[in-house]
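*Asks:* okay, predicted coordinates and the sequence, questions at the end:
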Amino acid sequence: MNHFLDLADLTPDELRGMLNLALELKKEWKAGGNHPLLKGKTLGLVFQKPSLRTRVSFEMGMIHLGGQALYLSPFEIKLGERESVPDVARVLSRYVDGIMARVFAHADVLTLAEYSRVPVINGLSDYNHPCQGLADFLTIIENKGQDLKGRKLTFIGDGNNVATSLLFGASLLGMDFAIAGPQGYELPNDVWTLGQKFAATSGSQLLATNDLGEAIAGADAVYTDVWTSMGQEEEAQERVRIFQPYQVNQELLAQAKPDVIAMHCLPAHRGHEITDGVCDGPHSVLWGQAENRMHAQKAILAKLMG
């Protein structure tokens, strides 16, 4: 594995291996130890879009592994504006040992990987969010066990980049996946087709529907995300109106399994896609899920740079 750009690039065994490594590194950290695997190495952090969890989890992950991180703000590089993406890759990869990029356009992270001498990690793009997905399945395994066959993950809301990575991860690991949202906001056809291909091998059952009851029935985990992502601000009022019936609240969770876990990649718009009662309630795993970003990132860094 030269880069980490998409969960769909991994085999089921590779994905399970990374999840097991994340569990090991987390256990080691909880016991008070760190693993100086990346001593003397530096990760360059390229941000077009700001993020609390992505920046801090990668910086702390590098510290735990004995290395360091170099933060580059959106205004320092202006990726593709001040300097072409291939030139940024050519130059930056001569300075650092790895590059994490959080970008708007997925094509930019693919181009960085094409022209870089060092591993490139997709910290988020408009197409997918594989780092979040890895942390999410780490969280699900911790709460539901290693064997996810017969378990069901339900995503409520927009068929966005997070939903894409969840579909790929579930269908690779043999977990059932359902997505429910308003008409016109489904996952792209090419994404769904690829998920179906993985599911045909793993045995996952996939469902895309506008019916909340159908999607939530028997769910072991219920996941939601913001209704309006960065770059969609002009659509915000219209999206609130359209997505309001798809709010994750206590009444909705009551239709899932009694021990269902509630998930959100954060930041949450409380009162919109999710209520306070769910965020802070007994089913919530939001804060452990957020912590797991750090442990998942460490597994990625160890695999690519170790």
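*Replies:* On my side now, so go ahead.
*Asks:* next, count neighbours for the residue nearest to residue 73 when sequence neighbours are not counted.
*Replies:* Of all residues not flanking residue 73 in the chain, residue 47 sits nearest, at 6.0 Å (Cβ to Cβ, 6 or more residues apart in numbering). All C-beta atoms are positioned from the backbone trio N, CA, C, and that covers glycine. The local packing of residue 47 (other Cβ atoms under 10 Å) involves 22 other residues.
*Asks:* now do the one 5 residues further on
*Replies:* Residue crowding around residue 52 was assessed by other Cβ under 10 Å; the count is 11.
*Asks:* residue 269 too?
*Replies:* Neighbour tally, residue 269, other Cβ under 10 Å: 14.
*Asks:* quick one: contacts of the worst-scoring helix or strand of the chain on mean pLDDT?
*Replies:* In the chain, no helix or strand scores lower on mean pLDDT, DSSP states H and E than helix 74-77, which sits at a mean of 88. Here helix 74-77 makes contact (Cβ atoms under 8 Å, 6 or more residues apart in numbering) with 46, 47, 48, 49, 50, 83, 88.
*Asks:* how would you label the fifth one: helix, strand or coil?
*Replies:* Think residue 50. coil (DSSP: H, G, I helix; E, B strand; the rest coil).
*Asks:* now the nearest residue to it once chain neighbours are set aside: how far from residue 47?
*Replies:* Leaving aside its chain neighbours, residue 50 sits nearest to residue 74 (7.5 Å; criterion: Cβ to Cβ, 6+ apart). With distances taken as Cβ to Cβ, to the nearest Å, residue 74 is found 6 Å from residue 47.
*Asks:* one step back: narrow the contacts of helix 74-77 to those that are buried.
*Replies:* With neighbours counted by 16 or more other Cβ atoms under 10 Å, these contain buried members at 46, 47, 48, 49, 88.
*Asks:* just the C-alphas of the helix or strand containing residue 17, formatted as PDB.
*Replies:* Using DSSP states H and E, residue 17 maps to helix 12-30. These are the backbone C-alpha positions of helix 12-30, laid out as PDB (Å, rounded to 0.1, in the frame of the first residue of the first chain):
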ATOM      1  CA  PRO A  12     -11.000  -7.000   3.100                       C
ATOM      2  CA  ASP A  13      -7.900  -8.500   4.700                       C
ATOM      3  CA  GLU A  14      -6.000  -5.200   4.400                       C
ATOM      4  CA  LEU A  15      -8.900  -3.300   6.000                       C
ATOM      5  CA  ARG A  16      -9.200  -5.800   8.900                       C
ATOM      6  CA  GLY A  17      -5.400  -5.700   9.300                       C
ATOM      7  CA  MET A  18      -5.500  -1.900   9.700                       C
ATOM      8  CA  LEU A  19      -8.400  -2.100  12.200                       C
ATOM      9  CA  ASN A  20      -6.500  -4.700  14.300                       C
ATOM     10  CA  LEU A  21      -3.400  -2.500  14.200                       C
ATOM     11  CA  ALA A  22      -5.400   0.500  15.400                       C
ATOM     12  CA  LEU A  23      -6.800  -1.600  18.200                       C
ATOM     13  CA  GLU A  24      -3.300  -2.700  19.200                       C
ATOM     14  CA  LEU A  25      -1.900   0.900  19.100                       C
ATOM     15  CA  LYS A  26      -4.900   2.200  21.100                       C
ATOM     16  CA  LYS A  27      -4.400  -0.500  23.800                       C
ATOM     17  CA  GLU A  28      -0.700   0.400  24.000                       C
ATOM     18  CA  TRP A  29      -1.600   4.100  24.400                       C
ATOM     19  CA  LYS A  30      -4.200   3.400  27.000                       C
END
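*Asks:* what is the burial count for the residue nearest to residue 50?
*Replies:* Residue 74: 16 surrounding residues under other Cβ under 10 Å.
*Asks:* with residue 27 instead?
*Replies:* There are 11 residues near residue 27, going by other Cβ under 10 Å.
*Asks:* and the one 4 residues further on, by the same measure?
*Replies:* As a burial measure, residue 31 scores 7 neighbours (other Cβ under 10 Å).
*Asks:* separation between it and residue 24?
*Replies:* Residue 31 is 11 Å from residue 24, by Cβ to Cβ.
*Asks:* same deal with residue 249?
*Replies:* From residue 249 to residue 24 the distance is 37 Å (Cβ to Cβ).
*Asks:* what do you get for residue 96?
*Replies:* Counting by Cβ to Cβ, the gap from residue 96 to residue 24 is 26 Å.
*Asks:* identify the residue nearest the most centrally placed residue in the chain in space, chain neighbours excluded?
*Replies:* Centroid check for the chain by Cα atoms, centre = their mean gives residue 132 as the closest residue, at 1.9 Å. The shortest distance from residue 132 to any non-neighbouring residue, by Cβ to Cβ, 6+ apart, is to residue 265 (5.1 Å).
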